[in-house]
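Undergrad: What follows is a predicted structure for the sequence shown.
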Amino acid sequence: MAKKSKKSKKQKKRRQNRFIFGLIIGCGAVCILFWNEGRAVKTAQSLIQGSENVISANHKRVDPSHNGKLVHLTGQLDTSSEVVEDPGLELRFPKIVMLKRAVEMYQWQGTRRSKSKESEYEYKKRWKNSPIDSSQFAHDHQNPKFPIVNKTVIPDRVNIGGFQIAGSLIREIKAKEKILPDSDNLNQVCSAFRAKTILYEDGLYIAYNGKPVPETPQIGDMKIRFHALRPTIVSVIAQQQGDVLVPYQTETGKTIAILKIGRYTSGQMFTQAIRENVYLTWMLRFIGFILTVLAFHLIYTRQSSNLYPTVMGGALCIAVISAAWLIHRPIIAGIIIVGLITLLLAIKKYLNGRKKQSIKKELNTKVLKLAEQKEGKLTLVEVMMALDIDTPTAKDVLDKLAAQGIAEIEMTDSGILVYAFYDIQHLKDKNSSESIFDV
C-alpha cells in the first residue's frame with residue numbers, strides 16, 4: 001500500500017512538472033508568434049517604404065543633395081589601411097577589409113551522472129569555440145579562461161569610392177576566405193604566446209603549458225583560424241550622412257542597411273530582402289506551432305488522443321496570429337476572422353448533420369431490434385415507450401423504414417396503424433432458402 005502511495009505521489013508530481021513546463025513552453029510560443037507577426041509587418045512596411053524612396057548615387061562622387069536620403073550604389077569595397085592587425089596575437093595582414101578570428105579550446109565537458117547527486121559528473125575532453133562553465137566540476141577538472149577569444153577586426157576606414165562605410169554595415173557580409181598563416185606571421189606572434197605557438201593545419205596551435213603537441217592535446221590548448229574579406233565589388237543600400245553610409249531609419253522604427261557582394265540593382269536587393277523576410281516569418285510560425293503542440297502534449301496528460309494537442313496547438317497559433325494582425329493588419333485580420341467564423345460554422349453544421357445521421361442510424365437499429373422482439377409488428381406507441389422518444393421522431397423513423405420497403409403499414413379493425421416488418425416475421429424461413437436459379 002505504501003509503495004502504491006509513493007508511486008502515486010511521484011506520478012502526481014510528474015504530471016505537475018509536465019503541466020508547469022507545458023505552460024512555460026506555451027507562453028514562450030505565444031510570445032514568439034505575437035512578436036513575429038509585428039516584426040514581419042514592420043519589416044515588410046519598411047522595405048516597401050525603402051523601395052519607394054531609394055535613389056541611385058554615384059560611388060565616386062558624394063552628392064550633398066542626397067544627404068539624409070536612402071541611396072543605392074555599387075562599387076569597390078576597399079580600405080585605406082595598409083595592414084590590419086590582430087589584437088592579442090599582434091599578427092598583421094595586408095589590405096584586408098575585415099578579419100575574423102575563430103578560437104577553439106580543448107576543455108572538460110561534464111555530464112551529470114546522477115540527478116540526486118549533483119556533484120557527480122562524467123567528464124570528456126572536447127574542442128569547443130566557447131567557454132564551458134566548470135564551476136560545478138571537480139577541482140581537478142577546471143577549465144582555464146580563454147586568453148584569446150573570437151574577434152572581428154575592421155579597419156578604421158572602409159570605403160566605396162568617396163563614401164565611408166559604417167562598421168555595422170560591413171558586418172552584413174561574411175568573411176569566408178581562409179587566411180593560411182605562414183612563418184612570417186608566426187614570427188609576429190606576441191611574446192606571451194610565441195614560444196607556445198606553431199603552424200598547424202590551416203591556422204595556429206597554441207599550447208596552454210609547455211611545447212605544443214597537437215597529436216596529444218592538453219586542457220587549455222587552443223586552435224586559431226583566420227578568415228578575411230578582401231577588397232571586392234559590392235552593392236549597398238543605406239542612408240547617406242555626409243560622406244558616410246549608415247543604417248536608414250524608417251517610419252516604422254526599423255532600419256534598412258543592405259550590403260551584398262556583387263553588382264545588384266536596388267530592385268533586386270529589395271526583392272531578396274522581402275523574400276528573406278517571408279521565409280523568416282514562416283519559419284518562426286512553424287517553430288511557434290511546434291512549441292504550442294508540444295505545450296499541449298505536456299499539459300494534456302491523457303494518452304488516449306494525440307490529435308487533440310495538435311488541433312489545439314494549431315487553433316492557438318491561428319488565434320495568436322489573428323490577434324496580432326488585429327493590431328498590425330486590422331483589415332486583413334477582419335477578413336480572416338470572418339472567413340474562420342464562416343469555416344467554423346460550416347464545420348459545425350457538417351458535424352451536426354453527421355451526428356443526426358448517426359442518431360437516425362442508431363434509432364433504425366433499435367427499431368429493428370424492437371420489431372424482432374415484437375414478432376415483426378410495431379405500433380407508434382410501442383416505439384415511443386420502448387425507445388423513450390417523442391411522437392414526431394418515432395413516426396419519422398417508422399415512415400422512412402416503410403418508404404424504404406423495410407416495413408409495410410397495416411391497420412387494425414379498431415383503426416390502429418401497425419408497421420409490419422415482413423423480413424423479420426419470416427426470419428425462421430431463412431434455413432429453407434434455395435438458390436434463385438433453382439426456383
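TA: On my side now, so go ahead.
Undergrad: quick one: average confidence on the longest helix seen in the chain?
TA: Looking across the chain with DSSP state H, the single longest helix is helix 2-53. Mean per-residue pLDDT for helix 2-53: 85.
Undergrad: Check the offset of it from the chain's centre.
TA: Distance of helix 2-53 from the chain centroid (Cα atoms, centre = their mean, to the nearest Å) equals 11 Å.
Undergrad: Report all helices and strands that it contacts.
TA: Helix 2-53 is packed against strand 255-256, helix 266-299, helix 307-328, with contacts defined by 3 or more Cβ pairs under 8 Å, 6 or more residues apart in numbering; DSSP states H and E. C-beta here means a position set from N, CA and C on the backbone, and glycine is covered the same way.
Undergrad: Export these to JSON lines and append columns for mean pLDDT, distance to residue 173 and mean neighbour count.
TA: Formatted as JSON lines, the helices and strands packed on helix 2-53 follow (pLDDT from 0 to 100; distance: least, Cβ to Cβ, whole Å; neighbours: other Cβ atoms under 10 Å):
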{"stretch": "strand 255-256", "mean pLDDT": "92", "distance to residue 173": "16", "mean neighbour count": "19"}
{"stretch": "helix 266-299", "mean pLDDT": "92", "distance to residue 173": "13", "mean neighbour count": "17"}
{"stretch": "helix 307-328", "mean pLDDT": "79", "distance to residue 173": "31", "mean neighbour count": "16"}
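Undergrad: could those be laid out in a markdown table, adding distance to residue 131?
TA: Below are the helices and strands packed on helix 2-53 laid out as a markdown table (distance: least, Cβ to Cβ, whole Å):
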| stretch | distance to residue 131 |
| --- | --- |
| strand 255-256 | 32 |
| helix 266-299 | 28 |
| helix 307-328 | 37 |
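Undergrad: quick one: the helices in this protein?
TA: Under DSSP H, the chain gives helices at 2-53, 167-170, 183-188, 191-194, 266-299, 307-328, 330-373, 380-387, 391-403, 422-425.
Undergrad: which other residues reach the fourth one?
TA: Outside of helix 191-194, the residues within contact range by Cβ atoms under 8 Å, 6 or more residues apart in numbering are 89, 147-148, 186-187, 206.
Undergrad: What's opposite residue 127 in the beta bridge?
TA: Beta bridges link residue 127 to residue 106 when assigned by DSSP bridges.
Undergrad: on that earlier part again, greatest separation within the contacts of helix 191-194: which pair is it?
TA: Of all pairs drawn from the contacts of helix 191-194, the greatest distance, 19.8 Å, lies between 147 and 187 (Cβ to Cβ).
Undergrad: Which one's more surrounded, those two?
TA: Neighbours were counted for residue 147 and for residue 187 using other Cβ atoms under 10 Å; residue 147 has more, 14 against 9.
Undergrad: gap between that one and residue 110?
TA: Going from residue 147 to residue 110 by Cβ to Cβ, to the nearest Å gives 22 Å.
Undergrad: Please apply the same query to residue 238.
TA: Applying Cβ to Cβ to residue 238 and residue 110 gives a distance of 46 Å.
Undergrad: which of the two has more neighbours?
TA: Relative neighbour count places residue 238 above the other of residue 238 and residue 110, with 26 against 19, counting by other Cβ under 10 Å.
Undergrad: excluding its backbone neighbours, what's nearest the more buried one?
TA: Closest residue in space to residue 238, ignoring its immediate chain neighbours: residue 245 at 4.1 Å, by Cβ to Cβ, 6 or more residues apart in numbering.
Undergrad: Same check on residue 21?
TA: Leaving out its chain neighbours, the residue that sits closest to residue 21 by Cβ to Cβ, 6+ apart is residue 298, at 5.6 Å.
Undergrad: wait, doesn't that neighbour sit right on residue 16?
TA: No. The pair residue 298 and residue 16 fails to qualify as a contact (Cβ atoms under 8 Å) at a distance of 11.0 Å.
Undergrad: hmm, back to that, ok, what's across the strand from the residue nearest to residue 238?
TA: Here residue 245, judged by DSSP bridges, has bridge partners residue 165, residue 240.
Undergrad: Spatially central, which residue of this structure would that be?
TA: Centroid check for the chain by Cα atoms, centre = their mean gives residue 287 as the closest residue, at 1.7 Å.
Undergrad: List the contacts of that residue.
TA: Counting by Cβ under 8 Å, 6+ apart, residue 287 has contacts residue 32.
Undergrad: Okay, it and residue 309: tell me how far apart.
TA: Distance from residue 287 to residue 309, counting by Cβ to Cβ: 16 Å.
Undergrad: what do you get for residue 143?
TA: From residue 143 across to residue 309, the span is 41 Å (Cβ to Cβ).
Undergrad: Okay, domains of the chain per the record?
TA: 18-49+278-329, 55-270, 356-432 (automatic domain parsing).
Undergrad: Make JSON lines out of those and add distance to residue 8.
TA: Compiled in JSON lines, these are given as follows (distance: least, Cβ to Cβ, whole Å):
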{"stretch": "domain 18-49+278-329", "distance to residue 8": "14"}
{"stretch": "domain 55-270", "distance to residue 8": "20"}
{"stretch": "domain 356-432", "distance to residue 8": "38"}
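Undergrad: what about the ones you listed, which gets the closest to residue 347?
TA: domain 18-49+278-329 (11.6 Å).
Undergrad: for that closest one, the distance to its chain's centre please.
TA: 9 Å.
Undergrad: now for it, what's the gap between its first and last residues?
TA: For domain 18-49+278-329, the first-to-last residue distance is 36 Å (Cα to Cα, to the nearest Å).
Undergrad: next one: stretch 131-144
TA: Criterion Cα to Cα; first-to-last residue distance in stretch 131-144 is 9 Å.
Undergrad: swap in stretch 147-167?
TA: 25 Å.
Undergrad: Identify each buried residue in it, please.
TA: 148, 153-155, 158-161, 163-166 (16 or more other Cβ atoms under 10 Å).
Undergrad: what does stretch 8-28 give?
TA: Under the neighbour-count criterion of 16+ other Cβ under 10 Å, stretch 8-28 has 22, 25-26 buried.
Undergrad: what sits against the closest residue to residue 426 other than its chain neighbours?
TA: Distances taken as Cβ to Cβ, 6+ apart place residue 376 nearest to residue 426, at 7.9 Å, with adjacent residues excluded. Counting by Cβ under 8 Å, 6+ apart, residue 376 touches 420-422, 424-426.
Undergrad: For those residues, pick the one with the most neighbours.
TA: Ranked by neighbour count (other Cβ under 10 Å), the contacts of residue 376 have residue 421 at the top, with 23 neighbours.
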